[in-house]
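J.: Fold the following for me, if possible:
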Amino acid sequence: MFHRVVRSSGGGGPSVWAAQSRAFAGNGNTKVCASVQEALRDFKDGSSLFVGGGGICGIPEALLEGVRQTGAQNLTMISNTCGIPNWGAGVLVRSRQAKRVILSFLGNNEEAEKMFLAGEIELELVPQGTLVERIRAAGAGIPAFYTPTAVGTVVQLGGFPIKFTKDGDVEIPSQPRETRIFDGRTYLMERALPADYALIQAW
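T.: Prediction:
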């Protein structure tokens, strides 16, 4: 696995990074690309991607626009929030390229909310700390872990809507979590969350 780095043009601007998942700095496989298009040249339908930043801050806007321009469909997008319709992660929701979004907070994206309720997109909500640890676990080669977060909630019990039908029925429900007791306390098992690409902005 390798990093691809896209340097911004113009002085004082941020460097924008496109990195395939499970790639680590210093592994000798970093390549500086001349353009976003070069960095995303093998991006394809069905890819999964981490999107850095929160809301509309610190987002890799050039890379998101590059992904939009590839026309790739059926994407799984993993991010802290869904941005807004015309900025941040919301760009790939508006273009209907994202089939599923996995995030901790929908944010102020009313368009994404309407699409979810209309059965046009899959939405998986994950507690923020759990989301971070699922991503970290994937990078560390850990397939699953236990956490006390969300014990006794719908996350544990399952049945929370991930996708609705156009008639408003639940088409895809969340699955119940396996539990174990350690030292008298109940924990949920959460699976690691890998992705094919990570899009981040770095100064």
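
J.: which residues of the protein score low on pLDDT?
T.: By pLDDT under 70, the low-scoring segments of the chain are 1-29, 203.

J.: Find the residue at the geometric middle of it.
T.: The residue lying closest to the centre of the chain (Cα atoms, centre = their mean) is Ile78, at 0.6 Å.

J.: nearest residue to that residue other than its sequence neighbours?
T.: Spatial nearest neighbour of Ile78, chain neighbours left out: Ile102 (4.6 Å); criterion: Cβ to Cβ, 6 or more residues apart in numbering. Placement of C-beta: from N, CA and C, glycine included.

J.: Doesn't that neighbour lie inside a helix?
T.: No - counting by DSSP: H, G, I helix; E, B strand; the rest coil, Ile102 is not found in a helix; it is strand.

J.: neighbours around it, how many?
T.: 21 (other Cβ atoms under 10 Å).

J.: cool, Val67 as well?
T.: 26.

J.: If we go by neighbour counts, what in whichever strand or helix holds it is buried?
T.: Using DSSP states H and E, Val67 falls within helix 61-70. Using 16 or more other Cβ atoms under 10 Å as the test for burial, helix 61-70 gives 61-64, 66-67, 70.

J.: So which elements touch the helix or strand that comes right after that helix?
T.: Next along the chain after helix 61-70, taking DSSP H and E as the criterion, comes strand 75-79. Judged by 3 or more Cβ pairs under 8 Å, 6 or more residues apart in numbering; DSSP states H and E, strand 75-79 is in contact with strand 48-51, helix 90-94, strand 98-103.
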